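Q: Below: sequence and its predicted model.
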Amino acid sequence: MFDFGYDEVAEAVDKSPATVRQIAHRARAHVASRRPRDVASPAETRSALEAFQRAVEAGDPQSLLDILAPSVVALSDGGGIRQAVRGPIVGADRVARLLAARWNIVGAETSVEPVQVDGSPALIVRRGGELDSIVAMRVEDGLVSGLYFVRDPEKLSHIERETASTR
């Protein structure tokens, strides 16, 4: 698609070349705005992960709000087998409510362990001693700006084998 000129794209989508240029400009700006601003230092990442873990373990909604970026985005993947949210959850309030509800349901049987997954900070969540999910996170400016919950049993089986071999 990027090999085509504005005139060709405009003709294909029945828009004017000026409109196509404006749409392309807005799309580029949107993509640029979603890129992480700066890579968090290892110390900053570790601090955010620890604060997030403490908030989750305590079930404290205010502590969750304190560590979540205002525009945090949470995604989940249940592989069509396990329960997962259907689309992105955006905003600290909404994500904190999701997390509070999720951890209130699982209760005292839940343990949370910090790990690295694909070079990113994450938590292994075990329920009743069994692997329940992996929560990978992105940290920007000292706050958690992205959460990705992996609950798909197929994907989790790879994590279980990797963590067992490194213990």
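A: Yep, that arrived.

Q: Residue nearest the middle of this protein, spatially speaking?
A: residue 147 (2.3 Å; CA atoms, centre = their mean).

Q: which stretches of the protein form strands?
A: For the chain, applying DSSP state E gives strands covering 68-77, 89-90, 110-117, 120-127, 130-140, 143-150.

Q: Columns mean pLDDT and distance to residue 54 on top of those strands, output as TSV?
A: Just so you know, the C-beta spots here come from the backbone N, C-alpha and C atoms, and that holds for glycine as well. Output for the strands of the chain, formatted as TSV (pLDDT from 0 to 100; distance: least, CB to CB, whole Å):
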stretch	mean pLDDT	distance to residue 54
strand 68-77	88	13
strand 89-90	88	21
strand 110-117	83	10
strand 120-127	84	11
strand 130-140	86	14
strand 143-150	88	12
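
Q: Go through these and name the closest to residue 43.
A: Nearest of the strands of the chain to residue 43, taken as CB to CB: strand 130-140 at 10.7 Å.

Q: hey, which helix or strand in the protein has the poorest pLDDT?
A: Here the helix or strand of the chain ranked lowest by mean pLDDT, DSSP states H and E is helix 153-166, holding a mean of 61.

Q: and residue 13, how far is that from residue 24?
A: 11 Å (CB to CB, to the nearest Å).

Q: neighbour count winner among the two?
A: residue 24 (13 against 10; other CB atoms under 10 Å).

Q: Would you enumerate the residues in contact with the nearest residue to that one once chain neighbours are set aside?
A: Closest residue to residue 24 apart from its sequence neighbours, by CB to CB, 6 or more residues apart in numbering: residue 6 at 7.3 Å. Residues counted as contacts of residue 6 (CB atoms under 8 Å, 6 or more residues apart in numbering) are 17, 20, 21, 24.

Q: The first one contacts residue 10, correct?
A: Spelled out, it's residue 17. Yes. Contact criterion CB atoms under 8 Å: residue 17 and residue 10 qualify, at 4.5 Å.

Q: okay, these two: which has more neighbours?
A: It is residue 10, of residue 17 and residue 10, that has more neighbours when counted by other CB under 10 Å, with 18 against 14.

Q: ok, that one to residue 26 distance?
A: The value you get for residue 10 to residue 26, if CB to CB is used, is 15 Å.

Q: now do residue 18
A: Following CB to CB, the distance that separates residue 18 from residue 26 is 13 Å.
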